[in-house]
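A.B. asks: Need a 3D model of the following:
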Amino acid sequence: MQQTEKNIFLNNIAQTSPFPFLLEIDRAEGIYLHAKDGKKYMDLISGVAVSNLGHQHPKVVNAVKVQLEKHMHIMVYGEYVQSSVNKLAQILTDNLPSHLNSVYLCNSGAESIEGALKLAKRITGRTEMLAFKGAYHGSTHGALSISSNEKKKYRFRPLLPDVGFLRLNVIEDLELISNKTACVVIETIQGDAGVRIPNKQFLEKLREKCNETGTMLIMDEIQSGIGRTGKLFAFEHFNVEPDILCTAKALGGGLPLGAFIADKKHMDLFTKQPMLGHINTFGGNPMSCAAAVATLEVILEEEFLNEVERKGEKFEKLINHAAIVEIRRKGMMFAFEFETEEIVGKIVENCLENGVICFWFLSCPNSFRIAPPLTINDQEIEIACKVINEAIEKAVN
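C.D. replies: Now for the predicted structure:
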């Protein structure tokens with residue numbers, strides 16, 4: 001007997017939870033996912049902060065088609081000169097502080113974190129790594145080691161040693177940073193913790209302490225980068241610059257791509273003692289890089305980033321219910337907090353039934369998230385907010 005698509009998915013695809021959404025998607029366009037049964041869904045999470053330009057953006061699709069006609073994978077990372085890879089490195093470094101001038105391309109956010117941790121240890125000769133309570137940096141061993149949620153970690157111990165955690169926005173905790181600390185890793189905007197935003201003074205003091213102790217400051221912009229907050233990267237809001245910047249998710253315009261970016265004098269340490277100190281087969285895939293160049297070109301167009309904040313304000317104004325405990329937002333990165341996890345579960349379910357995809361946070365289950373495509377228009381915002389408000393009302397009554 002021939003299996004259904006859902007049966008194949010459940011029986012032959014490794015699962016990540018007992019409760020997948022199980023939407024059978026046929027195609028996607030703009031902010032919409034079209035299911036095989038004909039139902040249309042607004043994707044208000046952008047594939048979890050990946051599809052910042054929505055799905056199948058014509059400029060991104062065209063760039064991939066052009067690259068496809070030239071070549072796909074031809075060699076492991078770092079050996080051949082490839083045009084789309086060069087263009088991506090150039091557009092990134094042209095729009096970053098001058099010391100962030102060397103780009104190491106990889107396949108994902110977790111890989112970018114792993115590379116950044118290795119680089120910090122190589123630069124400093126130290127082993128201690130500090131991160132923040134509430135942090136989520138990925139599921140590979142190193143990234144998981146500096147993530148905070150113990151429920152996600154305990155089955156996989158032992159993890160990396162010499163890891164400690166600071167409290168966000170608690171200045172006295174910065175005294176834990178010392179001349180033994182290789183790096184401090186911070187999400188510029190904490191994502192999985194429910195959009196927790198550092199205050200400017202705290203980040204300034206963090207930067208000062210890292211300067212004082214010779215510690216590498218790694219900023220994780222895997223979720224908050226590539227226009228999500230109304231700046232190309234969220235650190236631009238705070239006038240504080242990292243030593244190493246991590247990016248992924250939306251960078252590839254829907255294709256797998258990550259990067260960590262640092263000063264060339266530091267990145268060159270990977271080339272000697274030992275040579276090939278960090279290697280990667282598919283990093284800098286030319287298809288993904290072509291998509292990334294097109295994505296960045298659209299985001300850097302005049303007025304695009306200004307529209308992100310305007311649209312974010314519109315969402316915040318229109319999603320309005322007495323049951324909301326708190327709204328946390330930066331640009332178009334949102335958390336809506338409620339009294340209980342059960343209410344949030346009902347809201348997400350109600351929205352899904354009515355064609356709007358929201359999601360929860362692993363480490364903040366009493367909040368739901370939206371991270372809409374930055375290309376969403378005003379009419380779509382109004383329709384989505386109406387559905388969300390009705391879903392909240394149904395969930396609390």
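A.B. asks: neighbours around residue 91, how many?
C.D. replies: 17 (other CB atoms under 10 Å). For every residue, glycine as well, the C-beta is placed using N, CA and C.
A.B. asks: quick check, it in a helix?
C.D. replies: Yes. Per DSSP: H, G, I helix; E, B strand; the rest coil, residue 91 lies within a helix segment.
A.B. asks: measure the closest residue to it other than its chain neighbours to residue 352 for me?
C.D. replies: Distances taken as CB to CB, 6 or more residues apart in numbering place residue 296 nearest to residue 91, at 5.1 Å, with adjacent residues excluded. Distance of residue 296 to residue 352, given as CB to CB, to the nearest Å: 32 Å.
A.B. asks: Identify the residue nearest residue 354 in space, chain neighbours excluded?
C.D. replies: residue 387 (4.9 Å).
A.B. asks: Next, count neighbours for the residue lying closest to residue 309 once chain neighbours are set aside.
C.D. replies: Distance criterion CB to CB, 6+ apart; nearest residue to residue 309, sequence neighbours excluded, is residue 230 at 4.1 Å. Using other CB under 10 Å, residue 230 has 22 neighbouring residues.
A.B. asks: Apart from its chain neighbours, what residue comes closest to residue 372?
C.D. replies: Nearest one to residue 372, counting by CB to CB, 6+ apart, is residue 44 at 4.8 Å.
A.B. asks: who's in contact with that neighbour?
C.D. replies: Listed by CB atoms under 8 Å, 6 or more residues apart in numbering, the contact partners of residue 44 are 31, 356, 357, 358, 370, 371, 372, 384.
A.B. asks: OK, contacts around the last one?
C.D. replies: Spelled out, it's residue 384. Here residue 384 is in contact with 42, 44, 315, 356, 372, 376 (criterion: CB under 8 Å, 6+ apart).
A.B. asks: Skipping adjacent residues, who's closest to the last one in space?
C.D. replies: Once its chain neighbours are removed from consideration, residue 376 has its nearest residue in residue 31; the separation is 5.2 Å (CB to CB, 6+ apart).
A.B. asks: wait, that neighbour sits on residue 374?
C.D. replies: No. If you go by CB atoms under 8 Å, residue 31 and residue 374 don't touch, sitting 10.0 Å apart.
A.B. asks: Averaged pLDDT, the biggest helix by length in the chain. What do you get?
C.D. replies: The residue-count maximum for a helix in the chain (DSSP state H) belongs to helix 378-396. Per-region confidence: helix 378-396 scores 98 on mean pLDDT.
A.B. asks: one step back: looking at this, the residue nearest to residue 91 is in a helix?
C.D. replies: Yes. Assessed with three-state DSSP, residue 296 lies in a helix.
A.B. asks: More neighbours: residue 296 and residue 352, which one.
C.D. replies: residue 296 (22 against 16).
A.B. asks: residue contacts, that one?
C.D. replies: By CB under 8 Å, 6+ apart, the contact set of residue 296 is 88, 91, 92, 95, 226, 232.
A.B. asks: again, but for residue 122
C.D. replies: By CB under 8 Å, 6+ apart, the residues touching residue 122 are 269, 270, 277.
A.B. asks: mind checking the SS state of the residue nearest to the second one when sequence neighbours are not counted?
C.D. replies: What that stands for is residue 270. Spatial nearest neighbour of residue 270, chain neighbours left out: residue 277 (3.9 Å); criterion: CB to CB, 6+ apart. Here residue 277 is coil, with the state taken from three-state DSSP.
A.B. asks: can you pull the contacts of residue 277?
C.D. replies: Counted by CB under 8 Å, 6+ apart, residue 277 has contacts 118, 122, 269, 270, 271.
A.B. asks: Check residue 238 too.
C.D. replies: 188, 198, 200, 203, 204.
A.B. asks: Going by neighbour count, which of those comes out on top?
C.D. replies: residue 188 (28 neighbours).
A.B. asks: from the contacts of residue 44, which ones fall inside strands?
C.D. replies: Residues from the contacts of residue 44 lying in strands, with DSSP state E as the criterion: 356, 357, 370.
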